[in-house]
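> Give me a model of this one.
(one chain, ligands or ions: 2)
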Amino acid sequence: MARLFFNVLSYLLFAGLPLSSATADTSAAPDVTSALSFSSSKWIWNSATATANAVVGLRKDFTPPFGKFLIATEIIITAVNSLDLYVNGNFIGPGTPPNRGRFAHRYCADLLPSFNVFAVNASTTASGPIAAAVSAGLLATILVTYEDGTTDILTTDSSWRAMVVGSYDVTPWNTVLVNIPADPPALSLAASGAQWVWTDVVPNDDTAVALPRRLVTSLASASITISADNEYTLYVNGVTIGSGTNWSIAQSYTVNFATAPSEVVLAVLVTNTAVSVAGLLVSMQVNMVPSGRTNCIAGTFDQSGALWVSTKGVIPTGFDQPGFDDSAWPAAVGQVNYLQAPWNTLTVAAVAPITI
Ligand SMILES: *[C@@H]1O[C@H](CO)[C@@H](O)[C@H](O)[C@H]1NC(C)=O
Ligand SMILES: *[C@@H]1O[C@H](CO)[C@@H](O)[C@H](O)[C@H]1NC(C)=O
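Residues are numbered from 1 along each chain as shown. Ligands and ions are numbered 1, 2, ... in the order given. As a prediction, the model looks like this:
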């Protein structure tokens, strides 16, 4: 029996809170978190050619139509590789994982009644023409809410002071997140576009997979939907959360934090019990408090994909603990997206919420 060890470390960074900026009347604040999609947004960058580690500025000015007054915004955003988001000069938050893809933040912020500036500085670790091998880019969808309760959607596109370098869901970026759902924003496997991953040896070896390190402050809860072919045990911050032994039934866990941790480490130990196909599928979100606005849930969304990292053989002690160094682990291999053969559609079973 081959034992397969997946170690998924997620440290989510939300420095610089609180997020709210100077604002107008907030009495008509939106009372639910909205569903947002990347599907109409374009990947943008400052140039068609990327320069590694150069900080680029990307910016969108927005003035509402005559007679309309802005109050708030919800923003979903991701970049290859890192970004810092500002609204009207106020730091809203980072999207700063190493290049581990299929990752996005959701932020909530107040707006000024009329003229507003959405600005991002971003950098990439790759150099060269942005194409199949170089995936630099910024992708965002911005929902703005007016005082009268109506909304508009702004996307990253040619109206930004930036260049469009690709459409959503094309190579080399492919799917990041199909859709971030509404209140409560619980990410489903289907909505997330999660990918079955394994090491570079399929089907039958010993392995581990890890997400990037990111710091988290003021976390409220984590929602994790997971399945593995054949068996997994899931840990959050070193605590055993649950296990599964039937890949056709994914478990959906809600982990509440009794004390807001400064980081979240999600680790998975997986065993392939037969010489056959093998895979791990994970979709997760971490909800953040404060969110920058009342009644608007900010968070970080992530799912298994080819940019997770893995190790195999002797699994190091403490692989499930915060602070574990996975930086030398090789990349996992993305196999197929959720819904595709050989695993197709899974049943998702909700597990009673756990407090750690
Ligand atoms: C954005 O600019 C600030 C200030 O220059 C810098 O500290 C930060 O690293 C930049 N962020 C990114 C993602 O390049
Ligand atoms: C896994 O679950 C499915 C759906 O309930 C069931 O049909 C199948 O027999 C189960 N497989 C095993 C090995 O228990």
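
> Look through the stretch 201-350 of the chain and state the residue closest to ligand 2.
Scanning the stretch 201-350 of the chain for the residue nearest ligand 2 gives Asn246, at 3.6 Å (criterion: Cβ to the nearest ligand atom). All C-beta atoms are positioned from the backbone trio N, CA, C, and that covers glycine.

> any idea of the pLDDT on Leu219?
Leu219 is assigned 66 on the pLDDT scale.

> Correct me if wrong, but the residue of the stretch 201-350 of the chain closest to ligand 2 is in a helix.
No - assessed by DSSP: H, G, I helix; E, B strand; the rest coil, Asn246 does not belong to a helix; its assignment is coil.

> which residues of this structure fall in helices?
For the chain, the helices defined by DSSP state H occupy 189-192.

> all strands of the stretch 151-300 of the chain, in order?
When secondary structure is read from DSSP state E, counting those that start in this stretch, the stretch 151-300 of the chain shows strands at 151-155, 163-167, 179-180, 195-198, 208-210, 219-229, 231-236, 239-244, 249-256, 266-272, 279-288, 298-303.

> Redo those as JSON lines? Include distance to Ala50 and mean neighbour count.
Rendered in JSON lines, the data for the strands of the stretch 151-300 of the chain read as follows (distance: least, Cβ to Cβ, whole Å; neighbours: other Cβ atoms under 10 Å):
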{"stretch": "strand 151-155", "distance to Ala50": "21", "mean neighbour count": "16"}
{"stretch": "strand 163-167", "distance to Ala50": "9", "mean neighbour count": "17"}
{"stretch": "strand 179-180", "distance to Ala50": "26", "mean neighbour count": "21"}
{"stretch": "strand 195-198", "distance to Ala50": "24", "mean neighbour count": "28"}
{"stretch": "strand 208-210", "distance to Ala50": "25", "mean neighbour count": "28"}
{"stretch": "strand 219-229", "distance to Ala50": "33", "mean neighbour count": "25"}
{"stretch": "strand 231-236", "distance to Ala50": "35", "mean neighbour count": "21"}
{"stretch": "strand 239-244", "distance to Ala50": "38", "mean neighbour count": "17"}
{"stretch": "strand 249-256", "distance to Ala50": "36", "mean neighbour count": "18"}
{"stretch": "strand 266-272", "distance to Ala50": "30", "mean neighbour count": "25"}
{"stretch": "strand 279-288", "distance to Ala50": "29", "mean neighbour count": "27"}
{"stretch": "strand 298-303", "distance to Ala50": "23", "mean neighbour count": "28"}
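
> nearest to Thr73, of those?
When the strands of the stretch 151-300 of the chain are ranked by proximity to Thr73, the top entry is strand 151-155, at 8.7 Å, counting by Cβ to Cβ.

> send the alpha carbons of the closest one over as CSV?
The C-alpha coordinates for strand 151-155 follow below in CSV (Å, rounded to 0.1, in the frame of the first residue of the first chain):
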residue,chain,number,x,y,z
THR,A,151,-24.9,48.7,-8.2
ASP,A,152,-22.5,48.6,-11.1
ILE,A,153,-19.8,46.1,-11.9
LEU,A,154,-16.3,47.2,-13.0
THR,A,155,-13.8,44.8,-14.4
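
> Pairing partners for that strand, with directions?
In its sheet, strand 151-155 lies beside strand 137-146 (antiparallel), with partners assigned from DSSP bridges.

> Quick one: distance of the strand it pairs with to the chain centre.
A distance of 15 Å separates the centroid of the chain from that of strand 137-146, by Cα atoms, centre = their mean, to the nearest Å.

> Could you check the angle that strand makes with strand 163-167?
Relative orientation of strand 137-146 versus strand 163-167 (axes from the mean of the first three to the mean of the last three Cα atoms, to 10 degrees): 100 degrees.

> model confidence over strand 137-146, on average?
According to the model, strand 137-146 has a mean pLDDT of 94.

> So what would you say the end-to-end distance of stretch 341-356 is?
Start and end residues of stretch 341-356 are separated by 36 Å (Cα to Cα, to the nearest Å).

> List the buried residues of it.
Within stretch 341-356, the residues that count as buried by 16 or more other Cβ atoms under 10 Å are Trp343, Leu346, Val348, Val351, Ile354.

> For ligand 1, see how far away the fourth one is.
This means Val351. The gap separating Val351 from ligand 1 is 36 Å, by Cβ to the nearest ligand atom, to the nearest Å.

> swap in the second one?
Taking Cβ to the nearest ligand atom as the measure, Leu346 falls 36 Å from ligand 1.

> can you check the last one too?
Per Cβ to the nearest ligand atom, Ile354 is found 34 Å from ligand 1.

> list the contacts for the residue of the stretch 51-200 of the chain found nearest ligand 1?
Nearest residue of the stretch 51-200 of the chain to ligand 1, counting by Cβ to the nearest ligand atom: Asn121, 3.6 Å away. Asn121 makes contact with Val55, Val56, Gly57, Leu58, Leu83, Asp84, Tyr86 under the criterion Cβ atoms under 8 Å, 6 or more residues apart in numbering.

> Which strand residues bridge it?
What pairs with Asn121, by the bridge criterion (DSSP bridges), is Gly57, Asp84.
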